[in-house]
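In: Sequence and computational prediction follow.
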2 protein chains.
Amino acid sequence: MSRIVRVAAGQLGPISRNHTREQTVKRMIDLMRAAHDRGAQFIVFPELALTTFFPRWYMEDQAEIDRNFEREMPNADTQPLFDEAVRLGMGFYLGYAELTEEDGETRHYNTAILVGPDGKIIGKYRKVHLPGSEELRPALKWQQLEKRYFDYGNLGFPVFKGLGGILGMAICNDRRWPETFRVMGLQGVELVMIGYNSAAHDPNGGEESSELRAFHSNLAAQAGAYQNSTWVVSVAKAGVEDGAGLIGSSVIVNPNGQIVAQADSTEDELLIHDCDLDLCAHGKDNMFNFANHRRIQYYDRITSQVGVEPPE
Amino acid sequence: MSRIVRVAAGQLGPISRNHTREQTVKRMIDLMRAAHDRGAQFIVFPELALTTFFPRWYMEDQAEIDRNFEREMPNADTQPLFDEAVRLGMGFYLGYAELTEEDGETRHYNTAILVGPDGKIIGKYRKVHLPGSEELRPALKWQQLEKRYFDYGNLGFPVFKGLGGILGMAICNDRRWPETFRVMGLQGVELVMIGYNSAAHDPNGGEESSELRAFHSNLAAQAGAYQNSTWVVSVAKAGVEDGAGLIGSSVIVNPNGQIVAQADSTEDELLIHDCDLDLCAHGKDNMFNFANHRRIQYYDRITSQVGVEPPE
């Protein structure tokens, strides 16, 4: 048996804060067309794919912050991407900053959507694991202020039927947390899409090199794939953006945790792979047959305790 | 700051069912002495280190099964190992099959103990994630009958103070489950010791090669280390044992998930590394600062559901 889906990873090079959304959407349309020319049915774009990675700067002016957010999706800037997807019959994953009203309150989310080949939004995910700090850390040249600019995602880790299988989404830092993959694995996920903007420097003032941070990025995607018997498509915004480096290393990972395609640039770059969703079955039926092997009575701490409780 | 512990991985080559415990303990004593000569304070031996990996055979005679189990620890066969440890001032991790009485019932566990340099048992762990099947699978040349011969471990995933830090134990298949590492990570673990016997063939009749299975073994150890900012010492029983292949690939992994020492044989082999427990702090204080970043309200499925519940 085989259920082959030809999937593209649409890595983006840097997006300066001087770039317009129109320019950026044009680059995504170019990647989408190139992916379609190579037979891809679906393309995964990065996290916050419409703007520079603005949480690297400390800002107090809410209007300045909000210029990085979308109030509707699609909107006038992104409609051409949706239109092109419909024309080509391509689905896509898009990360963006979402500004919305909930119960009379303004909310800011780091969001990803899954769009079908008919241009309809099949699913939405809002980033649960916001990294960084709420407050300025003066010792750091580059900030990581996602906790300041975003509300925590409030949709959990839903999965969606699509591409003949079960699809899930995560965003950037989520991939470092095995809980992210496991909650989707427990819903039978077969392909997890992840967009990211990961700094090439240590965001916490330590000594992590760009190479080590790319290794961490790959390791997290590979372990999530293997331990949940799922494909993973993990896609970077890469390169030197407004003076700050971002790792590339976009990868497509099979359900054995093996990298089957990997970016070799930090520019706009396409990876294409035929992902056979039926390759998930051997792991799901055997080594990671959760019903047979999980022992939840010993996992209590994972959901009953947030931080570390060391032994006395 | 640094809290350096010189740790040894004591990989064992095959142990035939014709070998006596006396012969096997002698090999472990040789490894322990060699490790001590190189300044190691602690040595990690494999899972079921006193016998062949007997769950590969289908047996019905309980007396035949029970010959692989220890009724006391230490006992006459293993006392020389404990004595040598005291003489050298070395601690060790030892995996063995434990036969015991609990509430008037005979129990069989796949067990590991942590022994201090004074020869006292500091901690015990009983394997939670028993792989394989309870019943004979006639299509398979080699069985994996741990679910038949062992009771599920009933001690959870405890950690213990030792070597100036916080120590944890797991056994073989446990390492493939991120829950294992996370429950210990939530107790601040800084060094996880794992012994294993992993078949070089696909234990579920699939096409996994020995190389792929060694990759899986490493990947699980590396992800567990990185995602919990802990050292991992993962030690094989290796080589062709009574006709059945076992992967080697014993590794010592740092809290960045990087392999810092790796076996290059499938024989008795020593790996030595100076593990600085303070290298755990950067991850535990920042990227994996659990108190700051975990969002347990979205992890419910991990403890409320055993098997997969696919979307409707």
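Out: Received it, and whenever you're ready, just let me know what you need.

In: Next, the closest residue to chain B within the stretch 1-150 of chain A: secondary structure please.
Out: Closest residue of the stretch 1-150 of chain A to chain B, Cβ to the nearest Cβ: A:Val128 (4.9 Å). To be clear about C-beta, it is placed using only N, CA and C from the backbone, and glycine gets the same treatment. Under the three-state scheme (DSSP: H, G, I helix; E, B strand; the rest coil), A:Val128 adopts coil.

In: State the distance from it to A:Phe157.
Out: 7 Å (Cβ to Cβ, to the nearest Å).

In: buried set for stretch A:12-23?
Out: Within stretch A:12-23, the residues that count as buried by 16 or more other Cβ atoms under 10 Å in any protein chain shown are A:Leu12, A:Gly13, A:Pro14, A:Ile15, A:His19, A:Arg21.

In: make that stretch A:194-203, sorry
Out: Neighbour-count burial for stretch A:194-203 [16+ other Cβ under 10 Å]: A:Ile194, A:Gly195, A:Tyr196, A:Asn197, A:Ser198, A:Ala199, A:Ala200, A:His201, A:Asp202, A:Pro203.

In: who's in contact with the fourth one?
Out: Residues in contact with A:Asn197, defined by Cβ atoms under 8 Å, 6 or more residues apart in numbering or on different chains, are A:Pro46, A:Glu47, A:Leu48, A:Phe53, A:Cys172, A:Ala236, A:Lys237, A:Leu246.

In: Can you pull the phi and psi angles for the closest residue to it other than its chain neighbours?
Out: Residue nearest to A:Asn197 in three dimensions, not counting chain neighbours: A:Phe53, with 4.3 Å by Cβ to Cβ, 6 or more residues apart in numbering or on different chains. The phi/psi pair for A:Phe53 (degrees, to the nearest 10) reads phi -80, psi 80.

In: What ranges does the stretch 1-150 of chain A have for its helices?
Out: A:21-37, A:62-66, A:79-88, A:146-149 (DSSP state H, counting those that start in this stretch).

In: Next, format the ones you listed as JSON lines and append distance to B:Met32.
Out: JSON lines is the format used below for these (distance: least, Cβ to Cβ, whole Å):
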{"stretch": "helix A:21-37", "distance to B:Met32": "57"}
{"stretch": "helix A:62-66", "distance to B:Met32": "61"}
{"stretch": "helix A:79-88", "distance to B:Met32": "64"}
{"stretch": "helix A:146-149", "distance to B:Met32": "49"}
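
In: Mean pLDDT and distance to chain B for these - can I get that in JSON lines?
Out: Formatted as JSON lines, the helices of the stretch 1-150 of chain A follow (pLDDT from 0 to 100; distance: least, Cβ to the nearest Cβ, whole Å):
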{"stretch": "helix A:21-37", "mean pLDDT": "98", "distance to chain B": "26"}
{"stretch": "helix A:62-66", "mean pLDDT": "98", "distance to chain B": "22"}
{"stretch": "helix A:79-88", "mean pLDDT": "98", "distance to chain B": "23"}
{"stretch": "helix A:146-149", "mean pLDDT": "98", "distance to chain B": "8"}
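
In: what bridges to A:Glu70?
Out: A:Glu98 (DSSP bridges).

In: can you pull the contacts of the closest residue to A:Pro178 other than its chain neighbours?
Out: Closest residue in space to A:Pro178, ignoring its immediate chain neighbours: B:Pro178 at 3.6 Å, by Cβ to Cβ, 6+ apart. For B:Pro178, the contact set (Cβ under 8 Å, 6+ apart) comprises A:Pro178, A:Arg182, A:Ala223, A:Gln227, B:Ala223, B:Gly224, B:Gln227.

In: same thing with A:Ala49?
Out: So A:Ala49 contacts A:Leu12, A:Ile15, A:Thr24, A:Met28, A:Leu94, A:Gly95, A:Tyr96, A:Gly195, A:Lys237 (Cβ under 8 Å, 6+ apart).

In: now do A:Gln258
Out: Contacts of A:Gln258 (Cβ under 8 Å, 6+ apart): A:Gln222, B:Leu212, B:Phe215.

In: between the strand or helix carrying the first one and helix B:210-228, how many degrees?
Out: Applying DSSP states H and E as the criterion places A:Gln222 in helix A:210-228. Following axes from the mean of the first three to the mean of the last three Cα atoms, to 10 degrees, one obtains 110 degrees for the angle between helix A:210-228 and helix B:210-228.

In: avg pLDDT for the following helix or strand past helix A:210-228?
Out: Proceeding N to C from helix A:210-228, the next assigned helix or strand is strand A:231-236, under DSSP H and E. Across strand A:231-236, the average pLDDT comes to 98.

In: what lines up beside the next helix or strand after strand A:231-236 in the sheet?
Out: Sequence-wise, the next helix or strand downstream of strand A:231-236 (DSSP H and E) is strand A:239-241. Neighbouring strands of strand A:239-241 in its sheet, by DSSP bridges, are strand A:244-246 (antiparallel).

In: now for the helix or strand following the partner strand, which elements pack on it?
Out: Following strand A:244-246 in sequence order, the next helix or strand is strand A:251-253 (DSSP H and E). Using 3 or more Cβ pairs under 8 Å, 6 or more residues apart in numbering or on different chains; DSSP states H and E as the contact test, the elements touching strand A:251-253 are strand A:4-11, helix A:210-228, strand A:231-236, strand A:259-262, strand A:269-276.

In: Go through these and pick out the most buried.
Out: Mean neighbours per residue, mean count of other Cβ atoms under 10 Å in any protein chain shown, is largest over the helices and strands packed on strand A:251-253 for strand A:231-236, with a mean of 28.
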